[in-house]
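Participant: When you get a sec, could you give me coordinates for this:
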Amino acid sequence: MKILLALSFVAGTLLVGTAQAQAVGEPDVTRGPCAYTKTPDEPPARPVGLPRDPRHTPDRGKVEVVLQTNHGPIPLKLDRAQAPCTVQSFLHLLDRKFYDRTFCHRITAYATLKVLQCGDPSGTGEGGPGYKYKDELPKNLPPAPNDPTGERRIYPRGTLAMANAGPDTNGSQFFLVTADSTLRPNYTVFGTIGESGLRTLDKIAAAGIKPTPENPAPVDGAPAKQVDIRKAKRDC
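Facilitator: Numbering: from 1, shown residues only. Modelled structure (predicted):
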């Protein structure tokens with residue numbers, strides 16, 4: 001299953017690989033408050049198992065990580081208080097090198113939606129970690145101006161958020177907001193992008209989107225210059 005991007009929806013999908021790649025001997029659902037749940041029909045792009053899920057999820061402080069890309073570093077600051085289960089999962093994937101040697105498969109340039117989407121080792125937009133977990137939706141995003149529904153919010157430039165395929169389907173794919181973007185608040189925000197990372201993202205965005213014979217001037221597609229995440233690591 002692959003969900004396409006629309007102006008009010010950032011696509012994220014979680015299905016690639018083989019069922020044999022699932023870790024053996026693990027429960028199907030962790031017993032802690034995050035309830036990380038295996039997705040047998042949506043096996044992992046790379047085998048990583050389920051994250052730890054202690055009785056009390058760490059929910060204080062921030063964790064600095066960096067994505068080392070072929071365009072330059074993208075430092076991120078993960079906010080445990082804002083999205084503790086998401087941060088715990090992201091660090092699990094990072095520590096197991098799930099994001100190393102991957103590339104960001106999508107960039108958008110709509111007037112109201114400018115993001116770079118990453119986190120799928122398959123590079124298809126369909127890959128994930130073989131598990132899912134609950135949303136931790138933002139409560140304090142500013143309302144979008146001139147929105148007749150009153151539902152859309154501004155995801156500000158520099159926001160780090162999870163892509164998904166619907167409610168409570170978070171996995172490994174995430175998006176980096178390169179300019180203020182308008183979305184329904186259906187995407188977990190779990191951190192921010194450092195200033196040097198924004199400069200890197202500006203270079204990536206300026207290079208544009210790869211044209212196709214069907215669409216010579218796309219606003220949604222693969223980056224014109226491939227974005228490789230060579231290594232993702234804690235910045236300590």
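Participant: wait, what's in contact with the nearest residue to R234 once chain neighbours are set aside?
Facilitator: The spatially closest residue to R234, leaving aside those adjacent along the chain, is V65, at 5.4 Å (C-beta to C-beta, 6 or more residues apart in numbering). Backbone N, C-alpha and C define where each C-beta goes, glycine included. Taking C-beta atoms under 8 Å, 6 or more residues apart in numbering, we find V65 in contact with P75, L76, L78, F90, L91, L94, A232, K233, R234, D235.
Participant: Only the buried subset of the residues you listed, as a ChimeraX command please.
Facilitator: Only the buried members of these enter the following ChimeraX selection, criterion being 16 or more other C-beta atoms under 10 Å:
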select :75,76,78,90,91,94,232
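Participant: out of the contacts of V65, who's nearest P156?
Facilitator: For the contacts of V65, the closest approach to P156 (C-beta to C-beta) belongs to L76, at 14.8 Å.
Participant: I'd guessed K38 sits against T30; true?
Facilitator: No - in this structure, K38 is not within contact of T30 by C-beta atoms under 8 Å, at 9.4 Å.
Participant: which residue packs closest to the residue nearest the centre of the chain, ignoring adjacent ones?
Facilitator: Residue closest to the mean C-alpha point of the chain, counted by C-alpha atoms, centre = their mean, is F174 at 0.6 Å. Of all residues not flanking F174 in the chain, G119 sits nearest, at 4.8 Å (C-beta to C-beta, 6+ apart).
Participant: burial of the one you found, as a residue count?
Facilitator: 26 (other C-beta atoms under 10 Å).
Participant: and it, how far is that from C236?
Facilitator: From G119 across to C236, the span is 21 Å (C-beta to C-beta, to the nearest Å).
Participant: just P213 next, same as before
Facilitator: 46 Å.
Participant: What is the nearest of the contacts of V65 to D53?
Facilitator: L91 (12.7 Å).
Participant: The nearest residue to the closest one once chain neighbours are set aside: how many residues sit nearby?
Facilitator: In this structure, L91 finds its nearest non-sequential neighbour in V63, 6.6 Å apart by C-beta to C-beta, 6+ apart. Residues lying near V63 (other C-beta under 10 Å) number 19.
Participant: Run through the residues that contact V63.
Facilitator: So V63 contacts K77, L78, R80, V87, L91, R234 (C-beta under 8 Å, 6+ apart).
Participant: And it, which helix or strand is it part of?
Facilitator: strand 62-69 (DSSP states H and E).
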